[in-house]
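# coords below, sequence missing:
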């Protein structure tokens, strides 16, 4: 079965404090967008109550720099479910077709892991709630809890009531869904540089940029360390009309402009201009989920 795993953007990302466990307390308004990885999952025979937790987990991807093994969050998600329900799955085969850019601040790996959690929960026959999956997913990565809700919203046939928008708090594991968020349009630009999340958070801890105003606290250190991100932000802001949110997503490097549903024509205009201004750089016009 194919599961759609949606990307996310951070409309806000406030860093509140650093915790003793090394994670940061955050408050982030997240929004899923209609940019999907396709995750195909086949569990083969299911043997209830007996045998080893699983015969094997196999994972394949169509992207070179995405690991096809235990280094992939989707693999770890499958392993987590197999360990929680020994003997339930005889094997788990996962194939991922990537559309979400890798290491781009868009939650692609977390979305793939969420897709695996949701599908295996659905076919398990167990009473597993969405909040349970979000809690388990937080062990894999702090974007996974929101991605669980977003993935549920993108795949209503799985039978869960998901959410395309939510406030994420704690280290990302406390999710408060937003019911019926207004539709919006996103012009999304990926500068195609690798920005390690851990490094950006470390830079934030030692960073001070007076006068740098953004609803994403990681934008200043990312833009300072990667000039292409700063230039992308500057150019996109110059293209957009006043009042349109132009911002970094997550720890970067992806940058977006956010338009309300009534601004669709303006979003299309900005998208057209941006394609010329950012020649050779991936640019998308995407609707929110």
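Received the coordinates, thanks. This structure is a prediction, so every number in the text was calculated from the model and none was measured.

# measure residue 37 to residue 229 for me?
Going from residue 37 to residue 229 by CB to CB, to the nearest Å gives 23 Å. C-beta here means a position set from N, CA and C on the backbone, and glycine is covered the same way.

# I meant residue 240, not that one.
Note on residue 240: its distance to residue 229, by CB to CB, is 16 Å.

# Give me the below-cutoff pLDDT ranges for this protein.
The chain contains residues with pLDDT under 70 at 44-55, 208-211.

# quick one: stretch 147-155 to chain centroid distance?
A distance of 11 Å separates the C-alpha centroid of stretch 147-155 from that of its chain, computed with CA atoms, centre = their mean, to the nearest Å.

# try stretch 181-193
On the basis of CA atoms, centre = their mean, stretch 181-193 sits 12 Å off its chain's mean C-alpha point.

# Please apply the same query to stretch 108-121.
Put simply, stretch 108-121 sits 11 Å off its chain's centre (CA atoms, centre = their mean).

# how about it: buried residues?
Of the residues in stretch 108-121, 108-121 count as buried by neighbour count, 16 or more other CB atoms under 10 Å.

# nearest to residue 288, of the residues you listed?
residue 111 (14.7 Å; CB to CB).

# The closest residue to the closest one other than its chain neighbours and residue 227: what is the separation?
Counting by CB to CB, 6 or more residues apart in numbering, residue 5 is the residue found nearest to residue 111 once chain neighbours are left out, at 3.7 Å. According to CB to CB, residue 5 stands 31 Å off from residue 227.

# Just want to know which of these two has more residues nearby.
Neighbours per residue (other CB atoms under 10 Å) separate residue 5 from residue 227, with residue 5 holding more: 33 against 11.

# list the contacts for that one?
36-39, 100, 108, 111-112, 114-115, 147, 151, 154 (CB atoms under 8 Å, 6 or more residues apart in numbering).

# how does it look with 7 Å?
The contact partners of residue 5, by CB atoms under 7 Å, 6 or more residues apart in numbering, come to 36, 37, 39, 111, 112, 114, 115, 151.

# Out of the residues you listed, which is nearest to residue 214?
Lowest distance from residue 214 to the contacts of residue 5 (CB to CB) belongs to residue 111, with 24.1 Å.

# In a helix, that closest one, correct?
Yes - assessed by DSSP: H, G, I helix; E, B strand; the rest coil, residue 111 belongs to a helix.

# In this structure it contacts residue 151, no?
Yes - between residue 111 and residue 151 there is a contact at 6.2 Å, judged by CB atoms under 7 Å.

# Can you list the buried residues in the longest strand belonging to the chain?
For the chain, the strand that runs over the most residues, judged by DSSP state E, is strand 24-42. By 16+ other CB under 10 Å, the buried positions in strand 24-42 come out as 24, 26, 28-33, 35-39, 41.

# do stretch 279-289 as well
For stretch 279-289, a neighbour-count test (16+ other CB under 10 Å) marks 283, 284, 285, 286, 288, 289 as buried.

# same deal with stretch 253-265?
Here stretch 253-265 shows 253, 254, 255, 256, 257, 258, 259, 263 as buried, counting by 16+ other CB under 10 Å.

# With stretch 123-142 instead?
In terms of neighbour count (16+ other CB under 10 Å), stretch 123-142 has its buried residues at 124, 128, 130, 133, 134, 135, 136, 137, 138, 140, 141, 142.

# So the first one is in contact with residue 87, correct?
No - with the criterion set as CB under 7 Å, residue 124 and residue 87 do not qualify as a contacting pair; they are 11.4 Å apart.

# Which strand residues bridge residue 167?
For residue 167, the beta-bridge partners under DSSP bridges are residue 29, residue 176.

# What about it, how many residues nearby?
Counted by other CB under 10 Å, the residues lying close to residue 167 total 16.

# pretty sure it is in contact with residue 31, am I right?
No - using CB under 7 Å, residue 167 is not in contact with residue 31; the gap is 10.8 Å.

# isn't there a strand covering residue 101?
No - per three-state DSSP, residue 101 lies outside any strand segment and is coil.
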